[in-house]
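> sharing a model prediction with you, sequence too.
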Amino acid sequence: MLHPHLGTQLLAFVLLIALLLLARRHLRRLRDPADQVIRELREELHRRMPVFSTETTRGTEAEFIRDRLPKRFPFALVATLLVLFIAAAWWLNR
């Protein structure tokens, strides 16, 4: 036997699902204008954002910007020298 509250809860749940299924078309009509407003705001923001590029009109990186960039530390060279040093120390101590 079902509890009296459980039957009421099941009935309310079924009615809620039916209401959502029937109201889906109306909810979609409400969503479309909101989507359009969000799309317009995103486009406006995109138009106002400045674009900074390091490329020239020929598609190459501008030399003056390349000169200002920090030099990259050669980690691969340091790692290779360290491995060679460790291998030489191991070979000499054998």
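All right, it came through fine. These numbers come from a predicted model, not from an experiment.
> so where's the chain uncertain?
1-4, 30, 48-68 (pLDDT under 70).
> and the residue nearest the centre of it?
For the chain, R42 is the residue whose C-alpha lies nearest the centre (C-alpha atoms, centre = their mean; 16.1 Å).
> that residue: what's it in contact with?
Applying C-beta atoms under 8 Å, 6 or more residues apart in numbering to R42 gives no contacts. (Each C-beta comes from the backbone N, C-alpha and C, glycine too.)
> element containing it?
Using DSSP states H and E, R42 sits in helix 4-48.
> how much space between the residue nearest to the centre of the chain and Q36?
Distance, R42 to Q36, using C-beta to C-beta, to the nearest Å: 11 Å.
> ok, R94 next?
R94 is 76 Å from Q36, by C-beta to C-beta.
> give the other helices and strands that the helix or strand containing I86 contacts.
Taking DSSP H and E as the criterion, I86 maps to helix 75-92. Applying 3 or more C-beta pairs under 8 Å, 6 or more residues apart in numbering; DSSP states H and E, we find helix 75-92 packed against no helix or strand.
> could you give the separation of it from the chain centroid?
40 Å (C-alpha atoms, centre = their mean, to the nearest Å).
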